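K.L.:
what's the 3D shape of this:
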Amino acid sequence: MEIQKKLKELMCRKPEQKIVYYPEFDSQEELASHYYRACWYFPAQNNHCAKVHLYKTSDITLGSRPQHMGSSRAPTDHIRIQTNLSKITKDAENAAVVLLWKKCDSEWMNRLQRKGVKVVNIDTNDESAAEYGRYCDLIWRYFKTEEEKKKIIQESYNRFVCYADQIRAKGWKTGCVFGTGPSLETAEQFDFSNCVCVVCNSIVQNEKLLSHIKPQFVTAGDVVSHLGVSLYAETFRNDLIRYLKNSEAYYLTTAPFGYLLLEQCPEIADKVILAEQVMDEPNYDLIRLFGLPKLDSTFNIHMLPIIHTFCDNIFILGCDGKSKTRSNEDFWAHAQDAQYFELVQSGHICHPTFDRNRKKNTYHRYQDSVLYSVSEGEKRHGKRYYTLQQSYIDALENKKLPDELRKKYNADGQLVLSEIPEGMVRNTEAAAEVVENIKVKKENGGILVYGWVLSKGPCRIGVYVQGKLHGYAVWNLKRPDIQKKYPEYEMPFSGIYYYMDQVEISEVICRIMDGTKIVQEKKYML
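P.N.:
Predicted structure coming up:
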């Protein structure tokens, strides 16, 4: 009985909150490669990642950071190189995550997994590993609790809603999204002064262009080019930090990857909006549903959901696809001042399987994603899309700006894009029809507002404490049971949540609001 009890205790023992690389490193090049990756990808502060262990044979040394890699901006004291190889097996068995940097004994790996250890393949030469993605989301995936994730998303949602109110107060009816294709070089032919504007990726390096466009949002989510360890990504982040600190713009990206910016670049944390990819279909209102689609490219994942939230008439520039007149370098062509041409190779050296994987099917996925986003937007949501220059993307090829929208020019000879004929502006002010079941309870030392809300029109759920707005409940949880009962609402993501730290709160009020109008209000006593 005593033996069985000890065995049970061993099986139930929680792993230590650490990462262990396996097997030991016997190559100075591989040791440096993974050590400096760990410095960027595994910040310990504010996370549960207490230790990172790499083991090496005695005859190799660490060496300096490779020239193609960027540096960590966070402390790295928890990342340690061990030399006592007799401890590596036990250390791995007690870890939360074991990282395989090269192929190992599969039977032992299976035994680790049965004990609850997460085993992740990060072999940089294994195409099936996709190490650039596994590295980038590892902290979010394994070292953040579900409650911590929801609180981070909640903070981002409230940041987005407050900023959205400021934008909507301007009364703009049109928007423009900017890719990095060659046609971006013609941006100064147009006047965007009364448009909601979203730029992406390495456009942040071009101060002159940014000054002309004055975007409200920047997006980027590539785990190699923007959120990874390469010198290219580090240069992008430096330019992003500079621009966000000196403008009103916000940066929106995918949470599991973008979370690293909150730790590595805290100076812009209050300008970063994180959302998770929870939808199989496009999103046309980030306030009604704060979630991103599982589609391809920042155009479909980030840019269109933002612009859809504010506008029905959408201009597009720089989303050219594969050019028929210019060299499609590095997958496709770029505007001259919207790409770090001299640093592209640093990303390929850091992640040698990335380009091989991308070339297999990424362009086809991108084409399909654009077609899905645009066709659904036109058919079901009243959106209109116009390219300012010729695009070679299938869904956009025949959407060049018509002559009736090329009539007004400013004093500098730039085409004014905000002038949309009255008949082309859709009335979206439909009153919200609401069915709800909201509950409030104390949980884990805090207060949780949860349940579900169905709405026929745009609305938000405000949480008030002592008569003051505390924040807005996030709307992004699937509730198939509710959708089955109320199919006429067409809202599978009807689940809501909102966390508050436990303070002296005796009363919570939830208001469902259509703009400034209160549709429903309920008081909850604690």
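
K.L.:
in the sheet, who's paired with the residue nearest to K523 when sequence neighbours are not counted?
P.N.:
Residue nearest to K523 in three dimensions, not counting chain neighbours: I509, with 5.2 Å by Cβ to Cβ, 6 or more residues apart in numbering. C-beta coordinates here come from the backbone N, C-alpha and C atoms, glycine included. Using DSSP bridges, the bridge partners assigned to I509 are Y464, K523.

K.L.:
quick one: contacts for I509?
P.N.:
I509 sits next to 463-465, 467, 521-524 when contact means Cβ atoms under 8 Å, 6 or more residues apart in numbering.

K.L.:
That one and K468: what is the separation?
P.N.:
10 Å (Cβ to Cβ, to the nearest Å).

K.L.:
Same question for A130.
P.N.:
The spacing between A130 and K468, counted by Cβ to Cβ, is 46 Å.

K.L.:
Which one's more surrounded, these two?
P.N.:
A130 (17 against 7; other Cβ atoms under 10 Å).

K.L.:
close enough to count as contact, that one and N357?
P.N.:
Yes: look at A130 against N357 with Cβ atoms under 8 Å: they come within range, at 6.4 Å.

K.L.:
what is the mean pLDDT for the helix ranked longest in the chain?
P.N.:
Using DSSP state H, we find that the single longest helix of the chain is helix 354-381. Averaging pLDDT along helix 354-381 gives 89.

K.L.:
Now do the strands in the stretch 101-250 of the chain.
P.N.:
118-121, 174-178, 190-191, 195-200, 217-219, 250-254 (DSSP state E, counting those that start in this stretch).

K.L.:
Listing partners with orientation, what would you give for the second one?
P.N.:
Meaning strand 174-178. Partners of strand 174-178 in its sheet, by DSSP bridges: strand 195-200 (parallel), strand 313-317 (parallel).

K.L.:
so where's the chain uncertain?
P.N.:
The model of the chain has pLDDT under 70 over residues 1-14, 325-331, 361, 419-432.

K.L.:
For my notes, confirm I19 occurs in a helix.
P.N.:
No: under DSSP: H, G, I helix; E, B strand; the rest coil, I19 sits outside any helix and is assigned strand.

K.L.:
That one reaches V52, doesn't it?
P.N.:
Yes: contact status for I19 versus V52: in contact at 4.6 Å, counting by Cβ under 8 Å.

K.L.:
Please report phi then psi for the residue nearest to E397 when sequence neighbours are not counted.
P.N.:
In space, and not counting its chain neighbours, E397 is closest to S391: 5.9 Å by Cβ to Cβ, 6+ apart. Phi and psi for S391, reported as degrees, to the nearest 10, are phi -110, psi 150.

K.L.:
got a list of what S391 touches?
P.N.:
The neighbours of S391, taking Cβ under 8 Å, 6+ apart as the test, are 181, 183, 316, 319-321, 397, 399-400.

K.L.:
For ChimeraX, write the selection for the buried entries among these.
P.N.:
The ChimeraX command for the buried members of the contacts of S391 (criterion: 16 or more other Cβ atoms under 10 Å) is given here:
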select :181,183,316,319,320,321,399
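
K.L.:
For K517, state which of the contacts of S391 is nearest.
P.N.:
K517 lies nearest to I316 out of those, by Cβ to Cβ, at 33.6 Å.

K.L.:
which residues does the closest one contact?
P.N.:
Contact analysis of I316 by Cβ under 8 Å, 6+ apart lists 176-177, 179, 385-388, 391, 396, 399.

K.L.:
and which of those residues is nearest R80?
P.N.:
Using Cβ to Cβ, G179 comes nearest to R80 of the contacts of I316, at 42.9 Å.

K.L.:
A335 versus the closest one, what's the distance?
P.N.:
9 Å.

K.L.:
what does I81 give?
P.N.:
43 Å.

K.L.:
between these two, which one's more packed in?
P.N.:
Set side by side, I81 and A335 show more neighbours around A335, with 24 against 16, by other Cβ under 10 Å.

K.L.:
Surely the more buried one is within a strand?
P.N.:
No: counting by three-state DSSP, A335 is not part of a strand but coil.

K.L.:
who's in contact with the closest residue to it other than its chain neighbours?
P.N.:
Using Cβ to Cβ, 6+ apart and skipping the chain neighbours, the partner closest in space to A335 is L184 (4.0 Å). Contacts for L184 (Cβ under 8 Å, 6+ apart) come out as 178, 203, 209, 317-318, 335, 338.

K.L.:
just the contacts of I509 now: which is nearest E443?
P.N.:
Closest to E443, out of all of the contacts of I509 and judged by Cβ to Cβ, is Y524, at 13.5 Å.

K.L.:
Which neighbours do I19 and V52 have in common?
P.N.:
38, 42.

K.L.:
Between the contacts of I509, which sits nearest I273?
P.N.:
Once Cβ to Cβ is applied, the member of those that ends up nearest I273 is V463, at 19.2 Å.

K.L.:
I figured the closest one was touching L469, is that so?
P.N.:
Yes: at 7.5 Å, V463 counts as touching L469 under the criterion of Cβ under 8 Å.

K.L.:
Looking at strand pairing, list the partners for the nearest residue to Y497 once chain neighbours are set aside.
P.N.:
In space, and not counting its chain neighbours, Y497 is closest to Y450: 5.0 Å by Cβ to Cβ, 6+ apart. Y450 forms beta bridges with K439, Y497, as assigned by DSSP bridges.

K.L.:
Between its first and last residues, how far does stretch 480-499 reach?
P.N.:
23 Å (Cα to Cα, to the nearest Å).

K.L.:
chain center to it, what's the gap?
P.N.:
23 Å (Cα atoms, centre = their mean, to the nearest Å).

K.L.:
what sits up against it?
P.N.:
Residues contacting stretch 480-499 (Cβ under 8 Å, 6+ apart): 147, 150-151, 154, 278-279, 289, 291, 435, 438, 446-456, 461, 463, 471-479.

K.L.:
For that stretch, list every residue counted as buried.
P.N.:
Neighbour-count burial for stretch 480-499 [16+ other Cβ under 10 Å]: 482-483, 489, 491-499.

K.L.:
wait, which of the contacts of I316 is closest to S346?
P.N.:
G179 (22.1 Å).

K.L.:
For the closest one, give me its contacts.
P.N.:
200, 299, 316-320.

K.L.:
Tell me the one of these nearest E248?
P.N.:
Once Cβ to Cβ is applied, the member of the contacts of G179 that ends up nearest E248 is C200, at 17.4 Å.

K.L.:
and the closest one, how many neighbours does it have?
P.N.:
26.

K.L.:
Confirm for me that it is in contact with L304.
P.N.:
No: applying Cβ under 8 Å, one finds C200 not in contact with L304, separated by 11.0 Å.

K.L.:
Now do the shared contacts for these two.
P.N.:
V177.

K.L.:
Next up, the contacts around H48.
P.N.:
Taking Cβ under 8 Å, 6+ apart as the contact definition, H48 lies against 17, 96, 143-145.
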